[in-house]
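[1] please work out how this folds:
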Amino acid sequence: MMTVRRLQTQQGAAFAETGSGEPLVLIHGVGMRLEAWAPQMAALGRTHRVIAVDMPGHGESQSLPQGAGLEAFVGWISTVLDDLKLENVSIAGHSMGALIAGGAAATLGDRIARVALLNGVYRRDSAARAAVLTRAAEIRDGMIDFDGPLLRWFGEDSRDSAVYRLTHDWLSSVDQNGYATAYQAFAAGDGTYADCWPRIRCPALFLTGSDDPNSTPAMAQAMAQAAPAGYAVLIDGHRHMVNLTAPDEVNTILADWLARKEERT
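    Residues are numbered from 1 along each chain as shown. The predicted structure follows:
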């Protein structure tokens, strides 16, 4: 993975950037850090100004207050765009980052040129919602299970892979308070902006792995059907961490999304 030189916005958000041209902002998932986008920064930085951010309380970004909900994380990315003076920006998020990207598209209007949700959740069923809220409460109480999420993200047969070990290192070194705050917002936020998709008229990509048990293909397809300019893409045989396990496919899909004209339906 690449060596990253971080910069700081005025409000204390850490980011790294590469390339020039139209801006693309990348937001990682809960427990991760901006290096999770290394394959996308290397590929898409050839044609775009790519800016990857550390989520609040992750990497080197300052935390939000304990108990902050998804709306606060969306307000945070709006401030990041202000600090970096970004307009007409494409924004892509993975997992929790996808919820933030969707919230940005719902609330920032024409400032968002395109939105991409990678492995995004949407209206969990009651069993899935109960399970994720239970995990949020356990994390808040200091009972953090590092292997459980990794097995859901990668599958049992990936324990010895380099990306599994790398992701394990990131997750086990995350600030626990920042992780707990973000996870609670992730657990409770799947419905926060769910009703907004019919009003989001920019090109909207919903990408997930065919075998992702939590950010399911059905969720991606439902969001794509709700968004006027939405479309879903599935990567066969992959689970939750497609940006790392299928980087070439993801880069090709994102390049196609970035090439789509901004015409709003």
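
[2] who's the residue lying closest to residue 20 once chain neighbours are set aside bridged to?
    Excluding its sequence neighbours, the residue lying closest to residue 20 (C-beta to C-beta, 6 or more residues apart in numbering) is residue 49, at 5.2 Å. No exception for glycine: its C-beta is placed from N, CA and C like everyone else's. Beta bridges link residue 49 to residue 23, judged by DSSP bridges.

[3] what's the distance between residue 49 and residue 4?
    Residue 49 sits 16 Å away from residue 4, taking C-beta to C-beta, to the nearest Å as the criterion.

[4] what residues are up against the residue nearest to residue 20?
    Residue 49 makes contact with 17-24, according to C-beta atoms under 8 Å, 6 or more residues apart in numbering.

[5] would TSV of the residues you listed with neighbour count be doable?
    As requested, the contacts of residue 49 are exported to TSV (neighbours: other C-beta atoms under 10 Å):
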residue	neighbour count
17	22
18	17
19	18
20	12
21	13
22	16
23	21
24	29
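
[6] as CSV, these with pLDDT and distance to residue 90 would be great.
    Conversion of those to CSV gives the following (pLDDT from 0 to 100; distance: C-beta to C-beta, whole Å):
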residue, pLDDT, distance to residue 90
17, 97, 14
18, 97, 15
19, 97, 13
20, 97, 14
21, 97, 11
22, 97, 7
23, 98, 7
24, 98, 5
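
[7] tell me what the helix or strand bottoming out on mean pLDDT in the chain is packed against?
    One helix or strand of the chain scores below all others by mean pLDDT, DSSP states H and E: helix 147-154, with a mean of 87. Judged by 3 or more C-beta pairs under 8 Å, 6 or more residues apart in numbering; DSSP states H and E, helix 147-154 is in contact with helix 162-172.

[8] could you pull out the helices for the stretch 1-150 of the chain?
    38-44, 70-83, 96-107, 126-140, 147-154 (DSSP state H, counting those that start in this stretch).

[9] among those helices, which comes closest to residue 204?
    helix 96-107 (7.0 Å; C-beta to C-beta).

[10] so, low pLDDT: which residues of this protein?
    By pLDDT under 70, the low-scoring segments of the chain are 1-3, 262-265.

[11] mind listing the strands for it?
    Residue ranges of the strands in the chain, as given by DSSP state E, are 7-8, 14-18, 23-27, 49-53, 89-94, 112-118, 204-209, 230-235.

[12] ok so, going back, nearest to residue 66, of the contacts of residue 49?
    Among the contacts of residue 49, residue 17 lies closest to residue 66 (C-beta to C-beta), at 29.5 Å.

[13] skipping adjacent residues, who's closest to the closest one in space?
    Excluding the flanking residues, the one nearest residue 17 by C-beta to C-beta, 6+ apart is residue 51, at 4.4 Å.

[14] same thing with residue 64?
    Per C-beta to C-beta, 6+ apart, closest to residue 64 is residue 56, 4.5 Å.

[15] run a quick neighbour tally on that neighbour.
    Residue 56: 26 surrounding residues under other C-beta atoms under 10 Å.

[16] contact partners for it?
    Neighbours of residue 56 in contact, by C-beta under 8 Å, 6+ apart: 13, 62-64, 68, 73, 76, 178, 181-182.

[17] which parts of stretch 155-164 are buried?
    Under the neighbour-count criterion of 16 or more other C-beta atoms under 10 Å, stretch 155-164 has 155, 158, 163-164 buried.

[18] what distance separates the start and the end of that stretch?
    The straight-line separation of the ends of stretch 155-164 (C-alpha to C-alpha, to the nearest Å) is 10 Å.

[19] same thing with stretch 197-204?
    Using C-alpha to C-alpha, the end-to-end distance of stretch 197-204 comes out at 9 Å.

[20] noted, bye for now.
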